[in-house]
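Visitor: Next one to model:
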Amino acid sequence: HLWFLDMDGEPAVLVQTPGGAQILIDGGSHPARLLSAIGERLPFDDRQIELWAITQPSFNRIQSGERLLDQYAVAQVLTNGQPILDPALSALLERAGSVTALTAGQTVTLSDGVTLEALHPAAVPGETDRMADGALVLRLTYGDVSLLLTGDLSADGQAAVIENGHGQPATVLQAPAGGAESSLLPDLIQTTQPQAVIVQSRREDANEPAPDTLELLDGIPVYTTGVGGVHLWTDGRRLWAEQES
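Guide: Numbers count the residues shown, from 1 in each chain. Below you'll find the model as predicted:
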């Protein structure tokens, strides 16, 4: 099960694997909303998150993590390794526990066969590099079904993914940067050939996803969190999708 959570346009994805492991990607800056969304979907007595992936070292993108760590134990944090300049984020990661930096080609495989593969960045970004250029891009795979999770990856970052040979086909694509204007490269659609696209857009913003993004996605089913969360589930062969209200 995968839930693209309604976090007012901020990236937040919750995963529950067949073996019961729980994965959170990013989380946004609305603590009460995040905790409510997680609580509605996970068992009440399960307070463990096995993996928390932070796609870029921006505290306002995972500010909800402060409250998250009050209620859930996080076993492992995944990052892109970019030096952290925000003291609040540094303090948050110290609370979270073990931190592992991933670069393209490294994988994390769970006992039930779910795999997280890093497709970007190719090398650890420097502290002055633009966060969106070096955002951690993950390909989540279970059986024949795969999801490309891009967070707020910039157009330059998307071009680097393709140039480095990581623009592989994916069943589902998370549109970068909430589908904002000029946020999606046509080449990314051509190389990934998604069967569905998820856009984590703002509920009240009529310009998200932007018209140019929708034009690129013409003919591809698009689900947006601008009208509620999106729930996907799969048996490794087939994939189902539900627009939540």
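
Visitor: dump the residue contacts of the residue nearest to residue 125 when sequence neighbours are not counted.
Guide: In space, and not counting its chain neighbours, residue 125 is closest to residue 134: 3.2 Å by C-beta to C-beta, 6 or more residues apart in numbering. Glycine gets a C-beta too; all of them are placed from N, C-alpha and C. By C-beta atoms under 8 Å, 6 or more residues apart in numbering, the residues touching residue 134 are 56, 80, 82, 120, 121, 125, 157.

Visitor: Now, the residues you listed that are in helices?
Guide: When those are checked against helices (DSSP state H), the matches are residue 157.

Visitor: want to try JSON lines for the contacts of residue 134, with neighbour count as columns?
Guide: Converted to JSON lines, those look like this (neighbours: other C-beta atoms under 10 Å):
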{"residue": "56", "neighbour count": "23"}
{"residue": "80", "neighbour count": "25"}
{"residue": "82", "neighbour count": "22"}
{"residue": "120", "neighbour count": "26"}
{"residue": "121", "neighbour count": "25"}
{"residue": "125", "neighbour count": "22"}
{"residue": "157", "neighbour count": "25"}
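
Visitor: For the nearest residue to residue 73 once chain neighbours are set aside, give me the pLDDT.
Guide: Among residues not flanking residue 73 along the chain, residue 48 sits closest, at 5.3 Å (C-beta to C-beta, 6+ apart). Per-residue confidence for residue 48 comes out at a pLDDT of 96.

Visitor: how close does residue 48 sit to residue 6?
Guide: Separation of residue 48 from residue 6 (C-beta to C-beta, to the nearest Å): 24 Å.

Visitor: Looking at these two, which one has more neighbours?
Guide: Counting neighbours by other C-beta atoms under 10 Å for residue 48 and for residue 6 shows that residue 6 has the greater number, 25 against 12.

Visitor: List phi and psi for the more buried one.
Guide: Main-chain dihedrals, residue 6, degrees, to the nearest 10: phi -80, psi 100.

Visitor: what residues are up against it?
Guide: Residues in contact with residue 6, defined by C-beta under 8 Å, 6+ apart, are 33, 37, 203, 225, 228, 229, 244.

Visitor: Would you write a ChimeraX line that selects the buried entries of these?
Guide: Per 16 or more other C-beta atoms under 10 Å, the buried members of these correspond to this ChimeraX selection:
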select :33,37,225,228,229,244
